[in-house]
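predicted model and sequence follow; I will ask about them next.
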Amino acid sequence: MMDAPLMISSLLSYGAKWHSDVEIVTRTVEGPIHRYGYGEAARRTAQLAHALRALGVEPGDRVATLAWNTHRHFELYYGVSGIGVVLHTANPRLHPAQIAYIIEHAQDRFVFSDLTFVPILEAIAPLLKSVRGYVILTGESTMPKTSLPNVYCYETLLSAQPDSIDWPVFDERTASSLCYTSGTTGDPKGVMYSHRSTVLHALSAAGVDQNRRIDGRNCALPMVPMFHVNGWGIPYSAPIMGTKLVFVGAGYEGKQIYDLMEAEGVKTAGGVPAIWQRVLNYVEENGLQFTTLHAMRVGGSAAPPSMIEAFEKRGVEVAQGWGMTEASPVCTTGCLPSEIRESPDVRKYQAMAGHVLYGVDMKIVDPVGETLPNDGVAQGELCIRGPWIASAYYDNPAATEQSFTKDGWFRTGDIVTISPSGYLTITDRAKDLIKSGGEWISSIDLENAALAHPDIVEVAAIAMPSIEWGERPMLVVRQRAGSNVDRDAIIAFLKPKVANWWLPDEIVFVDELPYTATGKVSKKTLREKYATASV
């Protein structure tokens with residue numbers, strides 16, 4: 001067999017050669033819609049690679065991005081890694097101190113930033129000792145006045161460079177990109193991906209997504225940010241399939257997303273439940289329908305059954321998946337085979353976290369590390385391994401020792417069941433379980449029961465200290481605008497749905513729930529806020 005290393009650059013080269021005119025559409029940060037094909041994207045990416053070399057960036061260096069989902073960020077995905085440089089997609093939703101920490105920890109040489117995030121960089125620039133310069137992702141006419149030192153205009157850099165390149169070939173295990181966890185416990189932890197792991201992940205995801213090409217070439221809108229865990233790998237798998245990509249830019253409100261979907265004929269889209277809820281709220285409040293969207297992918301956290309039902313009623317098939325930053329990220333997919341989609345049990349399977357992908361090995365273990373059966377009943381901590389699963393955290397031996405077993409498994413911290421046929425059900429995060437009187441209460445199940453109430457928009461179940469029981473459940477609720485649901489009404493609604501000892505001892509109403517940098521409800525913030533509450 002020929003020895004052909006797996007290179008990230010080959011993904012875009014394939015798309016440019018065989019899907020040259022398939023569009024990549026962006027609602028730019030500046031405002032106007034930008035569109036071009038994979039062929040033009042490849043030519044601009046070549047210009048970017050030459051520009052990086054002209055700036056003195058060398059193989060093995062790290063280059064950071066603070067950017068939304070745009071065509072320019074897409075170019076960075078390929079132009080940086082393609083020449084052996086590491087792309088560090090920094091999460092701009094982190095606290096500025098954490099952004100400074102990860103840029104310094106990664107020793108980034110340059111930072112490429114959208115206009116939105118220039119003020120953040122100006123505030124933390126004195127802390128960024130490793131950074132040699134900044135590139136603003138815009139053209140000369142919209143370049144901002146800034147106090148940042150050694151600043152370049154992205155479009156000006158590219159315009160001075162040739163639009164073709166012979167991409168270098170090197171060891172496929174070379175580092176390609178770097179992503180940090182959201183830092184919900186301690187400092188963010190870095191996960192370093194390789195060309196090999198990224199391409200294998202893209203191939204696996206593309207193989208599954210081929211099933212979604214129902215009526216001709218697909219059109220996908222990734223709502224998941226490209227600064228978070230490789231954008232679920234969609235920017236890498238799309239060129240393989242010839243998928244039209246639609247990028248939302250800086251707008252994540254329901255109207256902006258819905259309008260873009262309708263205008264561009266989006267057939268599939270993926271994002272966390274919080275963003276999907278915004279879209280659903282907008283559609284419901286305005287009496288709208290989806291005229292092109294036929295499939296939605298949900299990840300990051302579980303979609304409540306009420307959300308699944310609402311989208312299915314509008315002709316949108318719901319597919320949940322599960323993954324982590326440490327897993328590139330996708331490990332399971334809810335793309336169901338036809339025999340399940342047409343069966344009476346379809347809702348049960350849609351509520352699960354999907355079927356394990358080839359390439360991912362998973363098991364569940366009890367508190368002492370003993371393997372539990374995959375019988376769909378036994379619950380334990382999920383452990384995973386495989387060619388796109390991290391084997392260590394980047395330059396963090398203490399965190400590595402805590403989360404990786406000596407025999408090569410990553411401990412996810414998720415409490416799950418696995419069915420005999422390989423379907424995963426997340427019952428809770430280990431840190432989010434509520435232990436009352438020695439018995440476990442699933443915060444996810446309690447939340448899902450509450451979300452079925454028509455006046456509840458969002459809810460989080462957390463543990464509150466109890467002198468008698470150790471812990472008792474508390475619900476933090478955001479109700480629908482204009483409703484006046486009270487504690488007694490919620491308790492009455494929950495009684496037929498959960499065991500009596502699961503009923504919350506306290507219900508708190510809030511105007512909004514706190515979110516992590518990756519779009520999940522921050523239960524850590526809620527636990528800290530209500531730590532003094534007790535029963």
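Nice, I can see it.

which parts of whichever strand or helix holds Ala399 are buried?
Counting by DSSP states H and E, the secondary-structure element that holds Ala399 is helix 397-403. When neighbours are counted by 16 or more other Cβ atoms under 10 Å, the buried residues of helix 397-403 are found to be 399-400, 403. (C-beta placed from N, C-alpha, C; glycine too.)

would you turn these into TSV with distance to Pro162 and pLDDT?
Shown next, in TSV, are the buried residues of helix 397-403 (distance: Cβ to Cβ, whole Å; pLDDT from 0 to 100):
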residue	distance to Pro162	pLDDT
Ala399	43	93
Thr400	42	96
Ser403	45	95
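
hang on, the earlier thing: after the helix holding Ala399 comes which helix or strand?
Later in the chain than helix 397-403, the nearest helix or strand by DSSP H and E is strand 410-418.

what about this protein, any weak spots by pLDDT?
183-185, 209-217, 533-535 (pLDDT under 70).

longest helix anywhere in it?
Selection of the longest helix in the chain by residue count, based on DSSP state H, yields helix 38-54.

after it comes which helix or strand?
Elements were assigned by DSSP H and E; along the chain past helix 38-54, the next helix or strand is strand 62-66.

contacts for that next one, please.
52, 57, 73, 76, 80, 85-90, 92, 99, 103, 106-114, 117, 120-121, 131, 178, 227 (Cβ atoms under 8 Å, 6 or more residues apart in numbering).

which ones among these lie within strands?
86-89, 108-113, 178 (DSSP state E).

buried ones only from the residues you listed, please, as a PyMOL command.
This is how PyMOL selects the buried members of the ones in strands among the contacts of strand 62-66, with burial counted by 16+ other Cβ under 10 Å:
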select buried, resi 86+87+88+89+108+109+110+111+112+113+178
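
can I get the ones in strands among the contacts of strand 62-66 in CSV including distance to Val151?
Output for the ones in strands among the contacts of strand 62-66, formatted as CSV (distance: Cβ to Cβ, whole Å):
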residue, distance to Val151
Val86, 22
Leu87, 20
His88, 19
Thr89, 20
Asp108, 15
Arg109, 15
Phe110, 11
Val111, 10
Phe112, 11
Ser113, 10
Leu178, 23
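
nearest to Lys529 among the ones in strands among the contacts of strand 62-66?
Sorting the ones in strands among the contacts of strand 62-66 by how near they are to Lys529, with Cβ to Cβ, puts Thr89 at the top with 30.0 Å.

what's the burial count for Asn500?
Counted with other Cβ atoms under 10 Å, residues neighbouring Asn500 total 7.

how about Lys255?
Burial of Lys255 is recorded as 16 neighbouring residues (other Cβ under 10 Å).

and if you look at Tyr14?
Applying other Cβ under 10 Å, we find 15 other residues in the vicinity of Tyr14.

what is the nearest of the buried residues of helix 397-403 to Leu6?
Using Cβ to Cβ, those come closest to Leu6 at Thr400, 24.9 Å.

for that closest one, what are its contacts?
Thr400 is in contact with 392-393, counting by Cβ under 8 Å, 6+ apart.

what do you get if the cut-off is 10 Å, keeping everything else the same?
Listed by Cβ atoms under 10 Å, 6 or more residues apart in numbering, the contact set of Thr400 reads 189, 390-394, 410.

any idea how far Asp455 is from the closest residue in space to Glu30 that isn't next to it in sequence?
Spatial nearest neighbour of Glu30, excluding adjacent residues (Cβ to Cβ, 6 or more residues apart in numbering): Thr142 at 5.3 Å. Computed with Cβ to Cβ, to the nearest Å, the distance linking Thr142 and Asp455 is 44 Å.

of the contacts of Thr400 - the most surrounded one?
Among these, the one with the most neighbours (other Cβ under 10 Å) is Lys189, at 25 neighbours.

that one touches Ser403, doesn't it?
Yes: in this structure Lys189 lies within contact range of Ser403 using Cβ atoms under 10 Å: 8.4 Å.

give me the common contacts of those two.
Here Lys189 and Ser403 share the contacting residues 326, 390, 393, 396, scored by Cβ under 10 Å, 6+ apart.

helices - which of the residues you listed land there?
Using DSSP H, the subset of these located in helices is empty.

just give me the closest of those residues to Ala499.
Checking these against Ala499 by Cβ to Cβ gives Glu326 as the nearest, at 34.1 Å.

excluding sequence neighbours, find me the nearest residue to the closest one.
Spatially, and ignoring its direct neighbours in sequence, Glu326 is nearest to Ala390 (4.4 Å; Cβ to Cβ, 6+ apart).

how close does the one you found get to Gly408?
Shown here: Ala390 relative to Gly408, a distance of 11 Å by Cβ to Cβ.

do Ser343 as well
With distances taken as Cβ to Cβ, Ser343 is found 37 Å from Gly408.

ok, Ile99 next?
With distances taken as Cβ to Cβ, Ile99 is found 32 Å from Gly408.

neighbour count winner among the two?
Between Ile99 and Gly408, counted using other Cβ under 10 Å, the more crowded position is Ile99 (27 against 11).

in contact with the more buried one, which residues?
When contacts are counted by Cβ under 10 Å, 6+ apart, Ile99 touches 64, 66, 90-93, 111, 117, 120-121, 123-124, 127-128, 180, 188, 517.

SS state for the residue of the chain most remote from its centre?
Here the chain reaches farthest from its C-alpha mean at Glu468, the gap being 39.4 Å by Cα atoms, centre = their mean. For Glu468, the assignment made with DSSP: H, G, I helix; E, B strand; the rest coil gives coil.

from Gly437, how far off is it?
According to Cβ to Cβ, Glu468 and Gly437 sit 8 Å apart.

which residue ranges of the stretch 251-400 of the chain form helices?
Remark: helices of the stretch 251-400 of the chain, listed N- to C-terminal, are 254-264, 273-285, 305-313, 338-341, 346-350, 397-403; assignment by DSSP state H, counting those that start in this stretch.

appreciated, that's everything.
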